[in-house]
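**Q** sequence plus predicted model, see below.
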Amino acid sequence: MAPRWFMGVLAGVMLLVLAGGLAGGLAAERAPVRAEDPPVAYVGLKYDLVRHGLDKGYVFHTFADPRNRFLPDVVRKIASLHKETRDIYAKFLTPAVAAQGRGYIQEHRAALSRAEARYGVAPEVIVGILTVESNLGNNTGKYPVFNVFASLAVMDSPEIIQELDLNAAGMARLQQKAAWARRELRVFLEYCAARCLDPLSYSGSWAGAMGFCQFLPSSLKSCGVSASGQGPVDLFTHDDAIFSIACYLHKSGFKRQNRASWRKAVLSYNHSDAYADTVLTLASWY
């Protein structure tokens, strides 16, 4: 039989271990959601994607990729987003930007003319959109598109609301944006799977828009156009971006001889009066 002093020491050690485990468990419960720690809500998101027809192996493999990162800053930004103001577009309304746009029209006149002939969309409006969306293809964004939509798709989960201290009073908005992100993520993964593309290789804006024309996946699916008529659409090329914008505006009711239709079509591209004013002002300068 072990001596009494040994049993006392053993009991003390066990108490320390239990206390440490309890403290560790409590600390783990309070640990913040980090980019390297996938949210628990991703489990439900994966099965939701599978229920909507995506291959289970493909979905789980994509989420298991080490490049998959939860983006808390993007979630906070979208959750607190307000109506756009005109001042954010002031940087585009300068003589220097106008000169760059005119130079772009000259450089890409062939593609712009072909797109105009096919879709009846004014080249200067296409270039106005390219100017505002990506600085004529020079700034397409650094956020992985898959990570953006996966993160936003779970922004209405209790876990994320609590950990990121989101405004639970705005639950209706959180649910609306999360549902939108789930749809865009599903379309994006379907598009990539059908074309054997790596979904984690695409980067875009903090809102998930990609390419020179900053298309959402749903816009790519419905309006993405290969200018050559061959091969996959590449929104990171000038010709495909030009044709895709022209297709989008055409489907949105753009009529070359009806100026009122220009604004309506541009507002369809971005539901912001300040955005439409800027694009159309640039178009008039071009």
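**A** Here it is on my side, so go on.
**Q** and the helices in this protein?
**A** Assigned by DSSP state H, the helices in the chain fall at 4-30, 41-51, 56-64, 72-79, 95-107, 109-119, 123-134, 145-153, 158-163, 171-194, 217-223, 238-251, 259-269, 273-285.
**Q** neighbours of Val266, how many?
**A** As a burial measure, Val266 scores 24 neighbours (other Cβ atoms under 10 Å). The way it works is simple: take the backbone N, C-alpha and C, and place the C-beta from them, glycine included.
**Q** state the distance from the residue nearest to it when sequence neighbours are not counted to Lys142.
**A** Once flanking residues are discounted, Val266 sits nearest to Ala276: 4.6 Å by Cβ to Cβ, 6 or more residues apart in numbering. Distance check for Ala276 against Lys142: by Cβ to Cβ, to the nearest Å, it reads 26 Å.
**Q** out of these two, which sits in the busier spot?
**A** For Ala276 and Lys142, the more surrounded residue by other Cβ under 10 Å is Ala276, and the numbers stand at 20 against 9.
**Q** need the pLDDT of that one.
**A** On pLDDT, Ala276 comes in at 97.
**Q** ok, now which ones touch it?
**A** Applying Cβ atoms under 8 Å, 6 or more residues apart in numbering, we find Ala276 in contact with 263, 266-267, 270.
**Q** over to Leu152?
**A** Each residue near Leu152 by Cβ under 8 Å, 6+ apart is listed here: 74-75, 78, 177-178, 180-181, 208.
**Q** cool, Pro199 as well?
**A** 62, 145-146, 188-189, 192.
**Q** farthest pair in the residues you listed?
**A** Thr62 and Val145 (12.0 Å; Cβ to Cβ).
**Q** out of the two, which sits in the more crowded spot?
**A** Val145 (26 against 22).
**Q** make a markdown table from the helices of the chain and add distance to Tyr202 to it.
**A** What follows is those, written out as a markdown table (distance: least, Cβ to Cβ, whole Å):
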| stretch | distance to Tyr202 |
| --- | --- |
| helix 4-30 | 33 |
| helix 41-51 | 17 |
| helix 56-64 | 12 |
| helix 72-79 | 15 |
| helix 95-107 | 24 |
| helix 109-119 | 22 |
| helix 123-134 | 14 |
| helix 145-153 | 4 |
| helix 158-163 | 23 |
| helix 171-194 | 8 |
| helix 217-223 | 10 |
| helix 238-251 | 14 |
| helix 259-269 | 20 |
| helix 273-285 | 23 |
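**Q** so which of the ones you listed comes closest to Gly229?
**A** Among those, helix 238-251 sits nearest to Gly229 (Cβ to Cβ), with 9.5 Å.
**Q** for that closest one, packing partners?
**A** Judged by 3 or more Cβ pairs under 8 Å, 6 or more residues apart in numbering; DSSP states H and E, helix 238-251 is in contact with helix 109-119, helix 123-134, helix 217-223, helix 259-269.
**Q** what mean pLDDT does it have?
**A** For helix 238-251, the mean pLDDT works out to 98.
**Q** how about it: buried residues?
**A** Going by neighbour count (16 or more other Cβ atoms under 10 Å), the buried part of helix 238-251 is 238-250.
**Q** between these, which is closest to Gly224?
**A** Among the buried residues of helix 238-251, Ser244 lies closest to Gly224 (Cβ to Cβ), at 5.2 Å.
**Q** what's near enough to touch the closest one?
**A** Going by Cβ under 8 Å, 6+ apart, Ser244 touches 211, 213, 215, 219-220, 223-225, 233, 235.
**Q** repeat that for 10 Å
**A** Neighbouring residues of Ser244 by Cβ atoms under 10 Å, 6 or more residues apart in numbering: 115, 126, 211-213, 215, 219-220, 222-227, 233-235.
**Q** buried subset of those residues as a PyMOL selection?
**A** To isolate the buried ones among the contacts of Ser244 in PyMOL, judged by 16+ other Cβ under 10 Å, type:
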select buried, resi 115+126+211+212+213+215+219+220+223+224+225+227+233+234+235
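**Q** in space, not sequence, find me the middle residue of this structure.
**A** In the chain, the centroid-proximal residue (Cα atoms, centre = their mean) is Gly208; its distance is 0.9 Å.
**Q** what sits against that one?
**A** Counting by Cβ under 10 Å, 6+ apart, Gly208 makes contact with 74, 78, 141, 143-152, 180-181, 184-185, 188, 202, 214-217.
**Q** mean pLDDT added to the helices and strands packed on helix 238-251, as CSV?
**A** Formatted as CSV, these follow (pLDDT from 0 to 100):
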stretch, mean pLDDT
helix 109-119, 98
helix 123-134, 98
helix 217-223, 97
helix 259-269, 97
